[in-house]
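Enquirer: A structural model of the following input is requested.
(chains A and B)
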Amino acid sequence: MSTTGKLELLSVNKSFVGAETNHVLADIDLNISPGQFVTIIGPSGCGKSTLLKIVAGLDQDYTGSVFINDQEVSDPSRDKGFIFQEHRLFPWLTVEQNIAADLSLRSSEVRQKVDEMIALVRLDGYEKAYPKQLSGGMSQRVAIARALMRSPQVLLLDEPFGALDAFTRTHMQEALLDIWRTNRTTMMLVTHDLDEAVFLSEKIVVMDARPGRVKQTIVNDLPYPRTRYGAGFQELRSLVLRALEQPGETDESWTI
Amino acid sequence: MKISKKWWKGAIIPVTVLLLWQLASFTGAADPKLFPAPSSIFGDFYSMLLSGELYYHIRISIVRAALGFLLGGSLGLLIGLLVGMYVKVEEFVDPTVQMLRTVPLLAITPLFILWFGFGELSKVLLIAMGAFFPLYLNTFLGVRNVDKKLYDVARVLEFSRFKQITKLMLPGALPNILLGLRLSLSVAWLCLVVAELMGADSGVGFLIQDARSYVRTGAVFVGIFIFAAVGKLADSVVRLLERKWLRWQDNYRG
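Expert: Residues are numbered from 1 along each chain as shown, chains lettered A, B, ... in the order given. Predicted coordinates for the structure are as follows:
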């Protein structure tokens, strides 16, 4: 079930034309190799979520190109799994029905894959539960299972743990790494949480706001499994923090 | 389910009223011409049941209501879905429907009689018209109330148009559709009474009208009771469906 895609962004630009033109994304170039875990971090308004929506094909109002395995992205599709900030499960479907979604659980092939996914996200015993009976972390795990069910080339995660409490978030980060280690799906995760970026990814893309652009790309080669206490972790964390706080070239009018 | 344990709470008020009523008849405080004792009404009910009179009228009324409800309700559901799904259809259809909706049904009744006569057709069409609006409005509302964010999910998961309707739109709109169904049923029942009181030679409405002209007050009460009982029964069936199909809802339950 491991399918991993190469992701390539070539001078992606997006602007809102209003009273004054607002450059949301300026010349974003990005390369993500197959199986890589990349996080995008930046202040709010830097266009990081917009960038993810463009890769997903959900936002088609931009210039430039996005390639997945050298195929240009135009529409949303199953080979780009997307995890929203909220779980967005169908409230009228049980856990297993949500994971199957439009596929029929009566097919033995689907059944088997759904069971595999439930085991992968450790939700055994909750197959027949409705979303209202699940905690935030469990719901998000169902959402992840639903995306992975389609064997995506790349999994796009838009601040997936932002709405969870600190304990659940830490737990979910470990769960996600676990899934990534077994599945090796290419991961592109947007966050505003420094620790999350340092803990999870192999590459950290630091973005700047107004215009949204890539400020710095930091390679994170701390060995997995990582701990949050080590000197290496703290050192890298400061590095990312410095990159975030460093004034950009066009940053003469900083506003909050 | 908790119903079996709690049903008696709902029975306290009607049972008390019946007892007081019986007592008032017994002591002669109530005029038997206007308020026959519950026991005598039950006697009327029993004899009408035995003679087959009751069954005959109920059957006719139910067939009328069912035909009208099926016709109007299914049209309301279908057009409500279409209007909810396509803004283009909404722009063309909704203003007209909203305009027609404000016309009181009683005002249209004479016109229906002129057009379709006193026969079954005018009755069924009147009921259909009444049943149409609640289902139309609530289906439309239901489709528009489906969380927009879930449509993004359907896009990402590449739902076919058909799956989008069956897996997202219909279940999302179901709470409203079922509410519309309940309202439509009660309106259909109401219109049935209007249609049958207006001029009919059979049906529970006729039974009431006929009993009134012969001052068979007990039979009038039996007719009213039948309307109440069948109406409540139909409503209970839909509520049962609600409980079965809307288990997933996470709402305040009092």
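Enquirer: show me the beta-bridge partners of the residue in the stretch 151-256 of chain A positioned nearest to chain B.
Expert: Closest to chain B within the stretch 151-256 of chain A is A:Leu156: 9.0 Å, counting by Cβ to the nearest Cβ. Heads up, the C-betas are built off the backbone N, CA and C, glycines and all. Beta-bridge pairing of A:Leu156 under DSSP bridges involves A:Phe82, A:Met188.
Enquirer: measure it to B:Leu77 for me?
Expert: Using Cβ to Cβ, to the nearest Å, A:Leu156 is found at 38 Å from B:Leu77.
Enquirer: more neighbours: those two, which one.
Expert: Taking A:Leu156 and B:Leu77 together and counting by other Cβ atoms under 10 Å in any protein chain shown, A:Leu156 has the greater number of neighbours (25 against 20).
Enquirer: how about the residue nearest the centre of chain A, what does it touch?
Expert: Here the mean C-alpha position of chain A is nearest to the C-alpha of A:Leu157 (Cα atoms, centre = their mean), at a distance of 2.0 Å. If you count contacts by Cβ atoms under 8 Å, 6 or more residues apart in numbering or on different chains, A:Leu157 has them with A:52, A:82-83, A:176, A:187-190.
Enquirer: surely B:Ser184 and B:Met129 touch.
Expert: No - at 11.1 Å, B:Ser184 does not count as touching B:Met129 under the criterion of Cβ atoms under 8 Å.
Enquirer: overlap in contacts, these two.
Expert: Common neighbours of B:Ser184 and B:Met129 (criterion: Cβ under 8 Å, 6+ apart): B:Gly72.
Enquirer: so which of those two has more stuff around it?
Expert: When B:Ser184 and B:Met129 are compared on other Cβ under 10 Å, the one with more neighbours turns out to be B:Ser184, at 27 against 23.
Enquirer: wasn't the more buried one part of a strand?
Expert: No - secondary structure assignment places B:Ser184 outside any strand; it is helix (DSSP: H, G, I helix; E, B strand; the rest coil).
Enquirer: distance of B:Leu114 relative to B:Ile108?
Expert: For B:Leu114, the distance to B:Ile108 (Cβ to Cβ) stands at 10 Å.
Enquirer: so B:Arg239 sits against B:Leu185, correct?
Expert: No - in this structure, B:Arg239 sits apart from B:Leu185 without contact. The criterion is Cβ under 8 Å, and the distance is 10.8 Å.
Enquirer: neighbour count: those two, which is higher?
Expert: In terms of neighbours (other Cβ under 10 Å), B:Leu185 is the more surrounded of B:Arg239 and B:Leu185; the figures are 22 against 12.
Enquirer: quick check: residues of the stretch 1-150 of chain B near chain A?
Expert: Taking Cβ under 8 Å from any Cβ of the partner chain as the criterion, the neighbours of chain A within the stretch 1-150 of chain B are B:149-150.
Enquirer: need the three-state assignment for the closest residue to A:Ile204 other than its chain neighbours.
Expert: With Cβ to Cβ, 6 or more residues apart in numbering or on different chains as the measure, A:Ile218 is the residue that lies nearest to A:Ile204, at 4.5 Å, once sequence neighbours are left out. Remark: A:Ile218 carries the secondary structure label strand [criterion: three-state DSSP].
Enquirer: ok, and the closest non-adjacent residue to A:Leu7?
Expert: Excluding its sequence neighbours, the residue lying closest to A:Leu7 (Cβ to Cβ, 6+ apart) is A:Ile32, at 4.0 Å.
Enquirer: how about A:Glu202?
Expert: Of all residues not flanking A:Glu202 in the chain, A:Phe37 sits nearest, at 5.1 Å (Cβ to Cβ, 6+ apart).
Enquirer: got a pLDDT number for whichever residue of the stretch 1-150 of chain B sits closest to chain A?
Expert: Scanning the stretch 1-150 of chain B for proximity to chain A using Cβ to the nearest Cβ identifies B:Lys149 as nearest, at 5.6 Å. The score at B:Lys149 is 92. That number is its pLDDT.
Enquirer: next SSE after the strand or helix carrying it?
Expert: For B:Lys149, the element it lies in under DSSP states H and E is helix B:148-156. Per DSSP H and E, the first helix or strand lying C-terminal to helix B:148-156 is helix B:161-163.
Enquirer: and the residue of chain B nearest chain A?
Expert: The nearest approach of chain B to chain A comes at B:Asp250, 3.6 Å away (Cβ to the nearest Cβ).
Enquirer: what's near enough to touch that residue?
Expert: Here B:Asp250 is in contact with A:91, A:132 (Cβ under 8 Å, 6+ apart).
Enquirer: how about A:Leu164: what's its closest non-neighbour residue?
Expert: Residue nearest to A:Leu164 in three dimensions, not counting chain neighbours: A:Gly136, with 5.1 Å by Cβ to Cβ, 6+ apart.
Enquirer: so where's the chain shaky on pLDDT?
Expert: Since no chain was named, I'll use chain A. Judged by pLDDT under 70, chain A has its weakly predicted residues at A:1-3, A:248-256.
Enquirer: actually, chain B is the one I wanted.
Expert: Flagging of chain B using pLDDT under 70 yields the residue ranges B:1-5, B:253-254.
Enquirer: again, only this time at 50
Expert: For chain B, applying pLDDT under 50 flags the ranges B:1.
Enquirer: can you tell me how far the residue of the stretch 1-150 of chain A found nearest chain B is from A:Glu96?
Expert: For the stretch 1-150 of chain A, the residue positioned closest to chain B under Cβ to the nearest Cβ is A:Lys132, at a distance of 3.6 Å. In this structure, A:Lys132 and A:Glu96 are separated by 16 Å, where distance is defined by Cβ to Cβ.
Enquirer: got it, and B:Arg216?
Expert: Relative to A:Glu96, B:Arg216 is positioned 61 Å away (Cβ to Cβ).
Enquirer: equivalent analysis for B:Pro110, please.
Expert: Computed with Cβ to Cβ, the distance linking B:Pro110 and A:Glu96 is 57 Å.
Enquirer: between those two, which has more neighbouring residues?
Expert: Between B:Pro110 and A:Glu96, counted using other Cβ under 10 Å, the more crowded position is A:Glu96 (21 against 10).
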